[in-house]
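A.B. asks: let's see this in three dimensions:
(one chain, ligands or ions: 2)
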Amino acid sequence: MERIFGRPIVTQEEMRARIRELGKQITTDYTGKDFVLVGVLKGAYAFYADLARAIGIPMRVDFLMVTSDGSRAKTSRKVRMVTELTEDIKGKDVLLVEDIVDSGLTAQYLVKTLTKKKPRSIKVCTLLSKPDRRTIDVAIDYVGFKIPNKYVVGYGLDYQQKYRNLPYLAVLDMEGDAG
Ligand code: IMP
Ligand code: MG
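C.D. replies: Numbering: from 1, shown residues only. Ligands and ions are numbered 1, 2, ... in the order given. Next comes the predicted model:
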């Protein structure tokens, strides 16, 4: 599989180093807080597992799953939560862990939805951000890597549910926009 993609745009070593830095920063920022790390499945699973182990304070772990109906290119896309949290986040400091913030729709929807459960704070950490594709102005507190407007796979990210297990980030070589 690795041969299909050629050179990674972010290598395993670069991922590891950056995630270690993010973990240190988050450790500093959340020390003494009632901390819940919430992973957004499926895309964030690989990043989440590495990030959680780079954070040196006690935490609760939880997950939710989202899907979006319709093409990635359409602004009419509807984001839905298909699996709910199991932890009660009321009064807690929540950090959402995302694979990628693209248009910003998913992050905005999740912050809005989880805010109704009255956490003490809610912030967003994403492995990747494509600032050029942002159509929704949503605050992102921690960003692993800013990447250009290219469709990427690996390290949790998929193309039609495949390539999530690629151990580095690669650009998917294809014409047009991946749906
Ligand atoms: P949003 O547009 O910010 O809501 O991002 C929606 C979702 O699109 C992300 O959580 C990813 O699952 C997916 N996505 C966006 N860009 C890429 C990419 O380059 N590769 C794989 N998935 C992507
Ligand atoms: Mg996806």
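A.B. asks: how about the residues of this structure by ligand 1?
C.D. replies: Taking Cβ under 6 Å from any ligand atom as the criterion, the neighbours of ligand 1 within the chain are 43, 72, 99-107, 151-153, 157-158. To be clear about C-beta, it is placed using only N, CA and C from the backbone, and glycine gets the same treatment.
A.B. asks: quick one: which of the residues you listed is nearest to residue 51?
C.D. replies: Checking these against residue 51 with Cβ to Cβ, the nearest one is residue 99 at 11.3 Å.
A.B. asks: tell me the SS of the residue nearest to the closest one when sequence neighbours are not counted?
C.D. replies: Spatial nearest neighbour of residue 99, excluding adjacent residues (Cβ to Cβ, 6 or more residues apart in numbering): residue 43 at 3.3 Å. Three-state assignment for residue 43 (DSSP: H, G, I helix; E, B strand; the rest coil): coil.
A.B. asks: what ranges does this protein have for its helices?
C.D. replies: For the chain, the helices defined by DSSP state H occupy 2-5, 12-30, 45-54, 105-115.
A.B. asks: identify the residues contacting residue 129.
C.D. replies: Going by Cβ atoms under 8 Å, 6 or more residues apart in numbering, residue 129 touches 100-101, 140, 143, 145-147.
A.B. asks: what's the most distant pair in these?
C.D. replies: Greatest spacing in the contacts of residue 129, by Cβ to Cβ: 140 and 147 (13.4 Å).
A.B. asks: quick one: which of the residues of the chain next to ligand 1 sit in strands?
C.D. replies: Assigned to strands by DSSP state E, the following of the residues of the chain next to ligand 1 qualify: 99-101, 152-153.
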